[in-house]
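Participant: The following comprises the amino acid sequence and a computationally predicted model.
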Amino acid sequence: MKWILALICLTLSGSLAAETTVLAFAGSTREGSFNKKLVREAADIARQLGATVTIVDLKDYPIPFYDADLEATQAMPPNAKSLRSQMLASNAIIIATPEYNGSLSAVLKNTIDWLSRNDEGKPSRDAFKGKKFAILSTSPGPTGGSRAAAHLRTIIENLGGEVVSKQVSIPNAGTAFNAKGLLENDSSKKDLREEIQQLLQKN
Amino acid sequence: MAYKPKILAFAGSLRKESFNKKLVKIAVKGAQEAGAEVTYIDLRDLPMPIYDQDIEDKQGLPENALKLKELMFQNDGFLIACPEYNSSMPAAFKNAIDWASRKAKPEEVYLSCYIDKVVTLMSASPGELGGLRSITQVRAMFSNIYSLVLPKQKCIPKADQAFDQDGNLKDAKQQNDVIKLGKELATFLEKYKR
């Protein structure tokens, strides 16, 4: 009987995630970014659970700093438009943030700020409202980026995004990933899986 | 010779007609009245690429980041008016802080342009909370990098209606509170640096 139950559970978890379109990105543009590694592993888990996942690299979407004067003359820069349409088309988003000076990176904040506008130069929550978010972080230090993750949570929740309760922060990033870029520690892998399961669970 | 407080003042916004630029200039007046030497800068004059460690590793710190660091080293206090974008600080502001936090030379003590600097925060926003959520995160950030953030801060809500054509706050109490913030940073530095 056990195998029948296992098959049912597998099918159910697969079908729960099957309609989910996930967008995943790290708040770092650095080539060897630890947060990009974390995003890739999270994306793999989401795919195993049946979701359709797109990973983007913010390095491929350079956007000038948000400046209301710039917006008044040029509306939304093309890279911001492209990212925003991908956000709009997704119902779940995975973001891994590094921690710079106890808070998010400028590249991540800038991306979010543009995503919070529409192409008529007005504020818009459409890219965040009612979508589910999984926040991850990793950093070389002992806090694993958790201060930046806490700031990010506030930002996304205030934009109407639904952030899952589990929030994985991986400390000591320098030794946390193996040669293939995957997490070494089984307990971290389990936590990551749990968080992605929360993300893909239908309410 | 008596110590003359040296203060760096700037707003976290790039916009020309920024409310926060107007706001910090009021605090600057207060600091100057209390005898401080204040250097006002505009982040618009110090454009920098978005921080990426690969850029730092290959090219070192950009010219304008080095200029900002130098200004921070030369001053003992910072008067900062920071807008609120989505409950937090603008990216251009964070970017300037991040670049300035990096070592210009290997022998430099890490974060030395922030350690023991005294910071006074304020914010103006068109919204009802006046930028409170942003400076809450700014306060945490500066504390994380060992600056001493003074407890008193000021938030100006409905900023689009709060200033007159000369850039002063229409409400006399608000105007006075902001001038006092500048004064109190100067007098704190006098006591602190004795």
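Facilitator: Perfect, I can see it now.
Participant: Could I get the full set of strands for chain A?
Facilitator: A:21-26, A:52-56, A:92-97, A:132-138, A:162-163, A:168-170 (DSSP state E).
Participant: Is it possible to get CSV of the ones you listed that adds mean pLDDT?
Facilitator: CSV is the format used below for those (pLDDT from 0 to 100):
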stretch, mean pLDDT
strand A:21-26, 98
strand A:52-56, 98
strand A:92-97, 98
strand A:132-138, 98
strand A:162-163, 98
strand A:168-170, 98
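Participant: Dump those strands into CSV; add mean neighbour count and distance to B:Thr136 as well.
Facilitator: For glycine as for every other residue, the C-beta is placed from the backbone atoms N, C-alpha and C. As requested, the strands of chain A are exported to CSV (neighbours: other C-beta atoms under 10 Å in any protein chain shown; distance: least, C-beta to C-beta, whole Å):
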stretch, mean neighbour count, distance to B:Thr136
strand A:21-26, 24, 25
strand A:52-56, 17, 30
strand A:92-97, 27, 18
strand A:132-138, 26, 18
strand A:162-163, 18, 18
strand A:168-170, 25, 20
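Participant: Please convert these to JSON lines, extending it with distance to A:Gly181.
Facilitator: Output for the strands of chain A, formatted as JSON lines (distance: least, C-beta to C-beta, whole Å):
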{"stretch": "strand A:21-26", "distance to A:Gly181": "12"}
{"stretch": "strand A:52-56", "distance to A:Gly181": "13"}
{"stretch": "strand A:92-97", "distance to A:Gly181": "13"}
{"stretch": "strand A:132-138", "distance to A:Gly181": "12"}
{"stretch": "strand A:162-163", "distance to A:Gly181": "25"}
{"stretch": "strand A:168-170", "distance to A:Gly181": "13"}
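Participant: residue in chain A nearest to chain B?
Facilitator: A:Gly102 (3.0 Å; C-beta to the nearest C-beta).
Participant: tell me the contacts of that residue?
Facilitator: Applying C-beta atoms under 8 Å, 6 or more residues apart in numbering or on different chains, we find A:Gly102 in contact with A:Arg147, A:Ala148, B:Ala140, B:Met141, B:Ser143, B:Asn144, B:Ile145.
Participant: Which members of these are the farthest-apart pair?
Facilitator: Within those, A:Ala148 and B:Ser143 form the most distant pair, 14.3 Å apart (C-beta to C-beta).
Participant: more neighbours, those two?
Facilitator: Neighbour count, other C-beta atoms under 10 Å in any protein chain shown: between A:Ala148 and B:Ser143, A:Ala148 has more, with 27 against 13.
Participant: Isn't the more buried one up against A:Tyr100?
Facilitator: Yes: contact criterion C-beta atoms under 8 Å: A:Ala148 and A:Tyr100 qualify, at 7.3 Å.
Participant: And the top helix by length along chain B, how far out from the chain middle?
Facilitator: In terms of residue count, the longest helix belonging to chain B (DSSP state H) is helix B:172-192. Centroid separation between helix B:172-192 and its chain, computed with C-alpha atoms, centre = their mean, to the nearest Å, is 14 Å.
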